[in-house]
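In: 3D model of this:
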Amino acid sequence: MKFLILKTLLLRKRKDEGFTLPIVIAIGLVMVLLSAVNLVQSGEENLNALSQQGSSDALAAAEIGIARYRNLLNNNRVLTVYNLDTWTNAWVTGQACDSISSTGGGWADNSATGWRNITVAGNTIGSYRIDDYIYDNDDNLGSNNNNDIDLVSDANNDIDGDGESDARGLLTVRGKDVAATEDGSITQIQVEIPLGVNTQDLVDLNPAIWIVQNDHTAVPSITNFGTVDVNGANVVLYQPSGEGDCIDPPDLGGENTISDSRNLPPLATIPNPTGLTKKNTLNSNITLDPHYNSGELLLGTLSDVQNTSEGSHVGDDRYYFEYTGDLNLDNEDIITDGTARVIIYVSGNLTISNAVNITNSSNAATSRFLEIHVGGNVTINGSGNVNIKGLIHAPGGTVTMSGNGNVNVTGSIFANDWNNTRTGTIIVNADDYTFYSITPNRTPAPLTFRPSGWQTQEAD
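Out: The predicted model follows:
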C-alpha cells in the first residue's frame, strides 16, 4: 500500500513538471517584453526631454538676441525706419554709431554666417542671428516705407484714427542652443517694436555748437576751440560709423560735449514750388539795397515776397533772401521786423567785422526769427561787440573768431570746423527754439517702445 502511494506521488510530480515549465517560460518572455517597452519609453522620454531642453535654450537665445538688437536700434535709431536690406547703404551706415555689415556675422548678416555667440563667464551658451527687420507705417508689409515718418506729431503717423503712431518695426531673430558654428535646436521669434515721434530728441541734442567735418571719417579735429561758454547747452561733435557704442567725445574746455552720428542738415533750399521763386534778392552792395537804411538792413517787411505755403514748404511762411557772393558786414546790422521769420542764403563767405548786431527789432530773446545759411566760411574779426540772435549754418565752412570784443549768440552755430583765438567773452546760448527750416531734414531718431506681439515661429 505504501509503495502504491509513493508511486502515485511520483507520477503526479512528473505531470506538474511538464505543466510548470511553459508557464515559467511565458512569464519570463512577458517580463522581457515589459522591460523592452520600458526601455523604449524611457529612451523616448529622454529624447523628448533633450528636445524640449534644446528648444527652451534656443528660445532663451532668441530672446537675448531680441534684447541686443533692440539695444542696437536704440543706439542707432536711423535703423528703425529702414528695412534690413538697406541697413548697409551708405546713407544709413553714415548715421550709425555701430559698424553695420551684412557679412561675417555683422549686425545685418542674416545668412548662415550671421550667428553671433552668447558668452557667459567665458562659456558659449548659445547663439543668435537676425532673420529680418521690416519698417512699416501703413499696415502693408508689401509696400516700401523706408524713412517715411513724420517727426512732428504721432497723429501724422496714425492710420487707424486713434491719434497714436502706427509706425512700427517688425524684428525677427533666431536663437540656437549651441555655438554659432555648431548644429542644434533653432527657435525663431518675431516682435513688434512700436515707434513714436521723439520730439525730446531736439531738446536732448540742444546744440549750441554742432561741428561735423565734411569727410565724415572721424570725430572732428577742431583747430582751436578756445574759451566759449555754451551756458549748459551742448557742443555736439559728429561720431562716425564703426566707433563702437557711440564713444565719448573729447573734452572742450569743460563744456558739455556729446557725440551724435547724424550729419549736419543740408543748406536751406529756396522754395520754387510753382515755377515762381518765392525769394528776395539782396544787392551785392548792401548799402545800395532798398532794405538798407542808416547802417541797417531791415528784412521781412510786408513789401517783401513771402513764401506762400506750397509744395514741400507747407506751413513755412518764411521770407527767403538770397545773396550771391561774399557778404561783408562792417559796423552794419541785419534786423528782422520782429514778427517775420527770415532766411538769408549767402552763396560765398560771411565776414562780420567790428561792432555788428544781427537781431530782431522787437528785441525778443529768441533765434526763431533769423537763419543765415552760408555756403563758405564764417569770420568774426576786428574790435567791438557782436550780437547775434539766430542760427548760423555753415556745414562746409570754418567759423573763425579773432580780434577782440565780446560775442553773444542767442541760437546755434553749425559748422565744419572751429578756430577761436578771439580775446573777449564768447557766449553761445542755445535757446528753446529748435524748429528751424532745416529741422525736418535731420535724420529721424524716433523713440522705440517696449516690444510687443511676441510670436514664436517655425524656423526653416
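In: Who does the longest strand anywhere in the chain pair with, and is each partner parallel or antiparallel?
Out: Ranked by residue count and defined by DSSP state E, the top strand of the chain is strand 386-401. Under the criterion DSSP bridges, strand 386-401 sits next to strand 356-360 (parallel), strand 370-374 (parallel), strand 378-381 (parallel), strand 407-420 (parallel) in its sheet.
In: So which bits of that strand are buried?
Out: With burial defined by 16 or more other C-beta atoms under 10 Å, the residues of strand 386-401 counted as buried are 386, 388-401. All C-beta spots, glycine's among them, are computed from the backbone N, C-alpha and C.
In: who touches the closest residue to Thr421 other than its chain neighbours in this structure?
Out: Leaving aside its chain neighbours, Thr421 sits nearest to Ser402 (5.3 Å; criterion: C-beta to C-beta, 6 or more residues apart in numbering). Neighbouring residues of Ser402 by C-beta atoms under 8 Å, 6 or more residues apart in numbering: 379-381, 421-422.
In: switch to 6 Å and redo it
Out: 381, 421-422 (C-beta atoms under 6 Å, 6 or more residues apart in numbering).
In: and if you look at Ala167?
Out: 137, 149, 157, 195.
In: Let me know the average pLDDT across stretch 334-348.
Out: The pLDDT scores in stretch 334-348 average 88.
In: no, scratch that, I was asking about stretch 253-273
Out: Per-residue scores along stretch 253-273 average to 72.
In: if we can go back for a sec, by neighbour count, which of the contacts of Ala167 wins?
Out: Leu195 (26 neighbours; other C-beta atoms under 10 Å).
In: what bridges to it?
Out: Beta-bridge partners, per DSSP bridges, of Leu195: Thr448.
In: State the distance from the residue nearest to Thr421 to Val374.
Out: Here the criterion is C-beta to C-beta, to the nearest Å. By it, Ser402 lies 17 Å from Val374.
In: ok, now Ser383?
Out: In terms of C-beta to C-beta, Ser383 sits 23 Å off from Val374.
In: Neighbour count for those two, which is higher?
Out: Val374 (26 against 12).
In: Please name the nearest non-neighbouring residue to Leu84.
Out: Tyr133 (4.2 Å).
In: For that neighbour, give me phi and psi.
Out: For Tyr133, the backbone dihedrals are phi -140, psi 130 (criterion: degrees, to the nearest 10).
In: Please name the bridge partners of it.
Out: Where Tyr133 sits in a bridge, its partners, by DSSP bridges, are Leu171.
In: now swap in Val191 and tell me
Out: Here Val191, judged by DSSP bridges, has bridge partners Leu171.
In: was I right about it contacting Val173?
Out: No - Val191 is beyond contact range of Val173, at 8.1 Å (criterion: C-beta atoms under 6 Å).
In: So for those two, which residue has more residues nearby?
Out: Higher neighbour count among Val191 and Val173: Val173, with 26 against 20, using other C-beta under 10 Å.
In: picking that back up, quick one, which of the strands paired with strand 386-401 is packed in tightest?
Out: strand 370-374 (a mean of 25; mean count of other C-beta atoms under 10 Å).
In: and that one, C-alpha only, in PDB?
Out: Extracted in PDB, the C-alpha atoms of strand 370-374 (Å, rounded to 0.1, in the frame of the first residue of the first chain):
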ATOM      1  CA  LEU A 370      16.500 134.600 -38.400                       C
ATOM      2  CA  GLU A 371      18.600 131.900 -40.100                       C
ATOM      3  CA  ILE A 372      21.800 132.600 -42.100                       C
ATOM      4  CA  HIS A 373      22.900 129.800 -44.300                       C
ATOM      5  CA  VAL A 374      26.500 130.200 -45.600                       C
END
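In: With that, I have no additional questions.
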